[in-house]
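Student: got a predicted model here, sequence first, then my questions.
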Amino acid sequence: MDIPITFLGTSQAIPTAKRNHTAILLQYDNENILIDCGEGTQRQFRKARLNPCKLTRLLITHWHGDHILGIAGLFQTLLLNGYNRTLHVYGPRGTKHNLNALLDLLVPYNKIPLVVTEVENGKFLETKDFFIESIPLKHSIPAVAYSFVEKERIRIKKDKLRKYKIPNSPIIGEIQKGKDIILNGKKIKASELTYKTEQKKITIILDTKINPNCYEIAKDSDLLITEAVYLNNEKELADLHEHLTAEQAGDIAKKSKSKKLILAHLSQRYDCNEKAVLAEARKKFKNVVIAEDLMSVVV
């Protein structure tokens, strides 16, 4: 299944004329999963012609302002537009306390139904089609990276069902298990009626200094999204402020055997020199692009 990803915001701590604060939307079947919600995210939804009332989950990487200050405004928009779901919110240690404090201060009425889960290391959500896992990062406050993984699946060839006039019945379940069937006295092989979709993995690594967990969570990603806040000539600053350089991002992509790298969460200092950011990442990994606000990709 195609997995659309929309970059609603791609700046670092200070927004620029062309980059809003960080927010990334991942869509999968009936799931609309927002990763971080920087200031102005609700307006970015409008500019991208996306409906925020379809949100099902919010994943918070950490509680610095440029990643969460859009939450209150987004929630107010949901309330005023008749949001009728329960929103599932995930984040690192402290998320329950921080979210309650934010909403008590800024959205003091008619709160939308929330289920809040604090995550740390490992798989925290699983359905028959996908799972999401997290891993701790090295930042000044608790922070996590996320991977969304679509499971390998056996899928039915609908045209073959029509050809053989196979009814919508428990027999479909048997076919999906790889079992041959007998229909009208004729044996039909499951392999003729099915095809396999490979696993897809999308990993998001935002604010962190370089550390082994970056490589672990990114392993075998079809798409790796990372921050790239500094260039290599400011590596000491990157380490001091616990961020990645563009070259380190490329190194994570290379050593994790990821297929594609997208750089996001870019500093205003490189607003007129993004080619340098791209060039440094490409020293380590060739298949890399820089995200732009409202850019969409399909995995």
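Tutor: Everything's here; your move.
Student: which stretches in the chain count as helices?
Tutor: 41-47, 65-68, 71-80, 95-106, 158-164, 170-176, 190-193, 212-218, 235-241, 246-255, 274-282 (DSSP state H).
Student: which other residues reach the second one?
Tutor: Right, helix 65-68. 11-14, 21-22, 36-39, 60-61, 98, 102, 206-207 (C-beta atoms under 8 Å, 6 or more residues apart in numbering). Where you see a C-beta, it was placed from the backbone N, CA and C, and this is true even at glycine.
Student: now do 6 Å
Tutor: With contact meaning C-beta atoms under 6 Å, 6 or more residues apart in numbering, helix 65-68 is reached by 13, 21-22, 36, 38, 61.
Student: how about that helix: buried residues?
Tutor: 66-68 (16 or more other C-beta atoms under 10 Å).
Student: so which of these is the closest to residue 223?
Tutor: Set against residue 223, the nearest of the buried residues of helix 65-68 by C-beta to C-beta is residue 67 (19.8 Å).
Student: excluding its backbone neighbours, what's nearest that closest one?
Tutor: Among residues not flanking residue 67 along the chain, residue 36 sits closest, at 4.4 Å (C-beta to C-beta, 6 or more residues apart in numbering).
Student: model confidence for residue 110, exactly?
Tutor: Listed pLDDT for residue 110 reads 68.
Student: repeat that for residue 191.
Tutor: We have a pLDDT of 81 for residue 191.
Student: for the closest residue to residue 117 other than its chain neighbours, name its beta-bridge partners.
Tutor: Excluding its sequence neighbours, the residue lying closest to residue 117 (C-beta to C-beta, 6+ apart) is residue 90, at 5.0 Å. Counting by DSSP bridges, residue 90 forms beta bridges with residue 59, residue 117.
Student: confidence score at residue 90?
Tutor: The model reports residue 90 with a pLDDT of 98.
Student: can you tell me which residues contact it?
Tutor: Per C-beta under 6 Å, 6+ apart, neighbours of residue 90: 59, 117, 119.
Student: nearest residue to residue 181 in space, please, no chain neighbours.
Tutor: Residue nearest to residue 181 in three dimensions, not counting chain neighbours: residue 188, with 5.4 Å by C-beta to C-beta, 6+ apart.
Student: what about that neighbour, distance to residue 164?
Tutor: 6 Å (C-beta to C-beta, to the nearest Å).
Student: these two - which one has more neighbours?
Tutor: When neighbours are counted by other C-beta atoms under 10 Å, residue 188 and residue 164 differ, and residue 188 comes out ahead with 17 against 14.
Student: hang on, the more buried one packs against residue 179?
Tutor: No. Under the criterion of C-beta atoms under 6 Å, residue 188 makes no contact with residue 179, lying 10.5 Å away.
Student: any idea how far residue 41 is from residue 7?
Tutor: From residue 7 to residue 41 the distance is 11 Å (C-beta to C-beta).
Student: when those two are compared, which one has more neighbours?
Tutor: Each of residue 7 and residue 41 has its neighbours counted (other C-beta under 10 Å); residue 41 has more, 26 against 23.
Student: per-residue pLDDT of that one, please?
Tutor: Residue 41 is given a pLDDT of 97.
Student: assess the claim that it and residue 22 are in contact.
Tutor: No. Using C-beta under 6 Å, residue 41 is not in contact with residue 22, being 8.7 Å away.
Student: before we move on, the earlier item: ranking the helices of the chain by burial, who's on top?
Tutor: helix 246-255 (a mean of 24; mean count of other C-beta atoms under 10 Å).
Student: between helix 274-282 and it, find me the angle.
Tutor: Here helix 246-255 runs at an angle of 40 degrees relative to helix 274-282 (axes from the mean of the first three to the mean of the last three C-alpha atoms, to 10 degrees).
Student: what's in contact with helix 246-255?
Tutor: 210, 214-215, 218, 224, 226, 228, 232, 261, 263, 277, 280-281, 283-285.
Student: give me the low-pLDDT residue ranges for the stretch 151-299 of the chain?
Tutor: The stretch 151-299 of the chain contains no residues with pLDDT under 70.
Student: wait, doesn't residue 132 sit right on residue 125?
Tutor: Yes. With contact defined as C-beta under 6 Å, residue 132 counts as touching residue 125 (4.6 Å).
Student: okay, the two: which has more neighbours?
Tutor: residue 132 (21 against 17).
Student: residue 122 versus the more buried one, what's the distance?
Tutor: 10 Å.
Student: report the beta-bridge partners for the nearest residue to residue 19 once chain neighbours are set aside.
Tutor: For residue 19, ignoring the flanking residues on the chain, the nearest one in space by C-beta to C-beta, 6+ apart is residue 11 at 3.6 Å. Following DSSP bridges, residue 11 is listed with bridge partners residue 266.
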